[in-house]
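Participant: Structure for this input, please:
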Amino acid sequence: MRAFTYDALPGRVVFGSGAARDGLPGEVEAFDAERILLVSSSADSGLAHELCTPFADRIAATFSAIRPHVPLDVAEQAREAAADAHADLVLSIGGGSTTGLAKAVALTTGLPIVAVPTTYAGSEVTPVWGLTEGTRKTTGTDPRALPRTVIYDPDLTLTLPVPLSVASGLNAMAHCVEAFWAPRRNPVSSAVAEDGIRNLASALPAITADPADRDARAGLLLGAYLAGSAFAVAGSGLHHKICHVLGGAFDLPHAQTHAIVLPHVLAYNAPAAPEATSRIASALGRPDPIEGLHGLGHELGVPDGLRELGLREGDIDTVLDEILALAPADNPRRVTRQSLRTLLHAAWTGSAKETA
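Facilitator: Prediction:
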């Protein structure tokens, strides 16, 4: 076994059915917070109102103008809201974009975050932040962006529509797969990623069969947590560089983009990463993990290609150089302009045979 370094990240995780409704007041109280900035979208306003009722007098301001990929101007508006309210805590209730905005506030203010995720993004357990200015999304890592407490309550995901649950779950799957060859990978993060894949692969079909299956919802949420934990330690690789550039440049839906691109990146890297590929296959329960991911996506109703998300074929060439500049030098397989174009075109058409 090669030598490795593992940086365990701080953070408190509370997991269980009813954990948000029963535990959120105590978790907020633990910070002695008196002036809370609530970050939650209009769509989640009913849930946020319900969860915050026991400490409503401590909500000093609410910011609900959430947008995907955290545009810089939106982040600055939220930071201004925190300053105007003299906030001493950021409470985020919502999906990945909501968590991302809370991180943007914490990044410049240093305020602690209590996160209550309602999707399977996994962002809530990572110190990774992202901001979009114009058509360019910039990401980075900062310990100030890592939520101090995360409350996972499977009950909050019961009403998440199946298509969004699937896309969000496959986004988590991408975190797991990429953790096998990301820059700071190590045996611990790989073990966590492997178990994450196992939970996600088991829960996703169960939820499509019965969206009210509480055990499956809990399994998917646990898988998302494990995925985020592995990704937080291992870092991001080629897959995330591709998706972040595409998302920032063309405002593509985050989770669906990850779900479509993932099997193509795996197909590209697999010949140079046989051990990782074998472990991914074992966790998926499918002998060929590339066909397995394509098949799983097809079974779950994921769009076949990026063109179905509105990306035009000519758009590929406009982002090639930007992605190539970000491609990790230690990706299992060297990335060239031509190989990257082939990969992206395969993801655009949705052809399982095109990536080579």
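
Participant: tell me what whichever strand or helix holds Ala193 is packed against?
Facilitator: Ala193 is part of helix 187-209, with elements assigned from DSSP states H and E. Applying 3 or more C-beta pairs under 8 Å, 6 or more residues apart in numbering; DSSP states H and E, we find helix 187-209 packed against helix 162-179, helix 214-234, helix 274-284, helix 289-299. (C-beta placed from N, C-alpha, C; glycine too.)

Participant: Report the buried residues of that helix.
Facilitator: Going by neighbour count (16 or more other C-beta atoms under 10 Å), the buried part of helix 187-209 is 188-190, 192-204, 207-208.

Participant: ok, the closest residue in space to Pro127 that isn't next to it in sequence - contacts?
Facilitator: Distances taken as C-beta to C-beta, 6 or more residues apart in numbering put Leu146 closest to Pro127, at 4.0 Å, once the chain neighbours are dropped. Counting by C-beta atoms under 8 Å, 6 or more residues apart in numbering, Leu146 makes contact with Leu9, Pro10, Gly11, Ile113, Val125, Thr126, Pro127, Ala232.

Participant: picking up where we left off before, how distant is the helix holding Ala193 from the center of its chain?
Facilitator: Mean C-alpha position of helix 187-209 versus that of the full chain (C-alpha atoms, centre = their mean, to the nearest Å) differs by 14 Å.

Participant: quick one: average confidence on it?
Facilitator: Helix 187-209 comes out with an average pLDDT of 95.

Participant: got it, and stretch 335-345?
Facilitator: 96.

Participant: Format the CA atom coordinates belonging to that stretch as PDB.
Facilitator: The C-alpha trace of stretch 335-345 is given here as PDB (Å, rounded to 0.1, in the frame of the first residue of the first chain):
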ATOM      1  CA  VAL A 335      -6.300  14.500 -21.500                       C
ATOM      2  CA  THR A 336      -5.600  16.000 -24.900                       C
ATOM      3  CA  ARG A 337      -7.700  18.400 -26.900                       C
ATOM      4  CA  GLN A 338      -8.900  15.700 -29.300                       C
ATOM      5  CA  SER A 339      -9.600  13.100 -26.600                       C
ATOM      6  CA  LEU A 340     -11.600  15.700 -24.600                       C
ATOM      7  CA  ARG A 341     -13.600  16.700 -27.600                       C
ATOM      8  CA  THR A 342     -14.400  13.100 -28.300                       C
ATOM      9  CA  LEU A 343     -15.500  12.600 -24.700                       C
ATOM     10  CA  LEU A 344     -17.700  15.700 -24.800                       C
ATOM     11  CA  HIS A 345     -19.200  14.800 -28.100                       C
END
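
Participant: if we look at it, which residues are touching it?
Facilitator: With C-beta under 8 Å, 6+ apart as the test, stretch 335-345 has contacts from 238, 242, 264-265, 268, 306, 313, 316-317, 319-321, 323-324, 327, 333, 354-356.

Participant: Can you pull out the low-pLDDT segments for the stretch 251-356 of the chain?
Facilitator: Applying pLDDT under 70 to the stretch 251-356 of the chain picks out residues 352-356.

Participant: can we see that at 80?
Facilitator: Within the stretch 251-356 of the chain, the set of residues satisfying pLDDT under 80 comprises 254-255, 351-356.

Participant: ok, which stretches of it are helices?
Facilitator: Using DSSP state H, counting those that start in this stretch, the helices of the stretch 251-356 of the chain run over residues 254-269, 274-284, 289-299, 315-326, 337-349.

Participant: what about these, which gets the closest to Thr141?
Facilitator: Ranking the helices of the stretch 251-356 of the chain by proximity to Thr141 (C-beta to C-beta) places helix 315-326 first, at 14.4 Å.

Participant: what are the C-alpha coordinates of that closest one, in CSV please?
Facilitator: These are the backbone C-alpha positions of helix 315-326, laid out as CSV (Å, rounded to 0.1, in the frame of the first residue of the first chain):
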residue,chain,number,x,y,z
ASP,A,315,-21.0,24.9,-27.9
ILE,A,316,-18.5,22.1,-27.3
ASP,A,317,-15.7,23.8,-29.1
THR,A,318,-16.2,27.0,-27.1
VAL,A,319,-15.3,25.4,-23.8
LEU,A,320,-12.6,22.9,-24.9
ASP,A,321,-9.7,25.1,-24.0
GLU,A,322,-11.1,26.2,-20.6
ILE,A,323,-11.7,22.6,-19.6
LEU,A,324,-8.3,21.5,-20.9
ALA,A,325,-6.6,24.1,-18.8
LEU,A,326,-8.3,22.8,-15.7
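
Participant: Need the residues that contact it.
Facilitator: Contacts of helix 315-326 (C-beta under 8 Å, 6+ apart): 136, 241-242, 245-246, 249-250, 335, 337, 340-341, 344-345, 348.

Participant: Who wins on neighbours among these?
Facilitator: Neighbour counts for the contacts of helix 315-326 (other C-beta atoms under 10 Å) peak at Leu246, which has 27 neighbours.
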